[in-house]
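In: quick one, structure for this:
(one chain, ligands or ions: 1)
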Amino acid sequence: MVDLVIIGAGPAGITASVYAARKKMDFLVITRDIGGQAALSGDVENYTGYQFITGPELAEKFEEHMRKYKIKLKEDEEVINLEKINDEILIKTNQEDYKTKTVIIASGKRSKELGISGEKEFKNKGLTYCATCDAPLFAGKEVAVIGGGNSALDAVLQLLKIAKKIYLINNRLTLAGDLIMQEKIKQSEIVKIFNDAQIKEIFGDKMVNGIKIKKQNKEEILPVQGIFVEIGLIPNSEFIKYINKNKQGEIIVNCYNETNLPGIFAAGDVTNVPEKQIIIAAGEGAKAALGAFKYLARV
Ligand SMILES: Cc1cc2nc3c(=O)[nH]c(=O)nc-3n(C[C@H](O)[C@H](O)[C@H](O)COP(=O)(O)OP(=O)(O)OC[C@H]3O[C@@H](n4cnc5c(N)ncnc54)[C@H](O)[C@@H]3O)c2cc1C
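Out: Numbering: from 1, shown residues only. Just a heads-up that it's a prediction; the model follows:
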């Protein structure tokens, strides 16, 4: 039985771990990876103190800070069930079972899937959900980016110097991402934007070699070798069933990061806290750790 388990090592979980270590709590971090979505961001220009840093560089700095404290870290491990029975919180992962007095759920979000024909078949065979990880594989190629929000625009910007041609397929009438990014993209000669358009099918042989899109009842085939799916995110909250969540599946917390279950805290993108940003997730992680510390002093 430990005092605290932190689930996730993105900005929220890592910051929570730094605060928990400084309070000398007996705790454990269980995570699928280190850095979370921050490690997938291209350029980060809004984390105070760094006017410019790439996502992977910032994630590395977070990790360095966390490891300075010699914490107990279970990496490459996935929580598959979490429940509270009496005063014990039971956590089941794909490898082990744990018991804890408190928990901070900082499991963030993951990419939404398209749910169309060819998606499963061509995953990692030309189709990807991570521009930062995979953009360099598409040097000199024609690619499609699916989406119109910040993640999609970020993917296009990362591809500008790499790809030969970029088709941006946006199902809304106009792009929704930041104007600054939109302006940069609209100035590029290699980007063709399809607004009010949907991707219908993906095809290829061993690898992707085309997509079918539909725009105002007209279908068109685009000869792409790469597809970047950037249509939004869903919270990683399925492993806990009996807790208050909103319609999007985000865990509902109050301003102390408490959920409706005493001892269970949540922080960052997995919660209903508005605005999903690195600096916000980090701040929420700090609050959650302090909240867990005070809770343990009370019970
Ligand atoms: C492409 C992209 C660009 C972005 N650019 C910016 C930007 O420029 N500036 C900015 O401020 N924000 C940006 N963001 C948003 C920012 O990255 C997120 O708001 C932030 O990372 C959220 O932090 P988090 O710790 O709450 O969650 P995440 O970063 O999602 O981390 C979640 C952690 O939980 C782990 N996890 C998930 N499920 C489980 C499980 N079942 N068991 C164990 N571990 C689990 C994951 O492995 C991960 O370590 C961007 C996001 C994306 C995708």
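
In: show me the contacts for Ile146.
Out: 114, 152, 169, 199, 227-231 (CB atoms under 8 Å, 6 or more residues apart in numbering). C-beta: built from backbone N, CA, C; applies to glycine.

In: tell me the one of those residues nearest Ala20?
Out: Nearest to Ala20, judged by CB to CB, of these is Glu230 at 33.3 Å.

In: do you know the pLDDT at that closest one?
Out: Glu230 is assigned a predicted lDDT (pLDDT) of 95.

In: for Ser151, same thing?
Out: 88.

In: leaving out sequence neighbours, find the closest residue to it.
Out: Once flanking residues are discounted, Ser151 sits nearest to Glu230: 4.2 Å by CB to CB, 6 or more residues apart in numbering.

In: thought Ser111 was touching that neighbour, still the case?
Out: Yes: under the criterion of CB atoms under 8 Å, Glu230 makes contact with Ser111 at 7.5 Å.

In: who has more neighbours, the two?
Out: Glu230 (25 against 18; other CB atoms under 10 Å).

In: quick one, what contacts the residue of the stretch 101-250 of the chain found nearest the ligand?
Out: Residue nearest to the ligand within the stretch 101-250 of the chain: Gly108 (1.9 Å; CB to the nearest ligand atom). Going by CB under 8 Å, 6+ apart, Gly108 touches 8, 10, 12, 36-37, 235-236, 268-270, 281.

In: buried ones among those residues?
Out: 8, 10, 12, 36-37, 235-236, 268-270, 281 (16 or more other CB atoms under 10 Å).

In: list, out of those residues, those positioned next to the ligand.
Out: 8, 10, 12, 36-37, 236, 268-269, 281 (CB under 6 Å from any ligand atom).

In: tell me which two in the residues you listed are the farthest apart.
Out: Asn236 and Ala281 (13.0 Å).

In: wait, what's in contact with Lys84?
Out: So Lys84 contacts 90, 261, 263-264 (CB under 8 Å, 6+ apart).

In: if we go to 10 Å?
Out: Going by CB atoms under 10 Å, 6 or more residues apart in numbering, Lys84 touches 90, 100, 103, 240, 242-243, 259, 261-264.

In: distance check, the spatially closest residue to Lys72 that is not a sequence neighbour against Glu88.
Out: Computed as CB to CB, 6+ apart, the closest residue to Lys72 that is not its neighbour in sequence is Leu28, at 4.6 Å. According to CB to CB, to the nearest Å, Leu28 and Glu88 sit 15 Å apart.

In: those two: which is more packed in?
Out: Leu28 (20 against 12).

In: would you double-check that the more buried one falls in a helix?
Out: No: counting by DSSP: H, G, I helix; E, B strand; the rest coil, Leu28 is not found in a helix; it is strand.

In: and the pLDDT at it?
Out: Leu28 carries a pLDDT value of 98.
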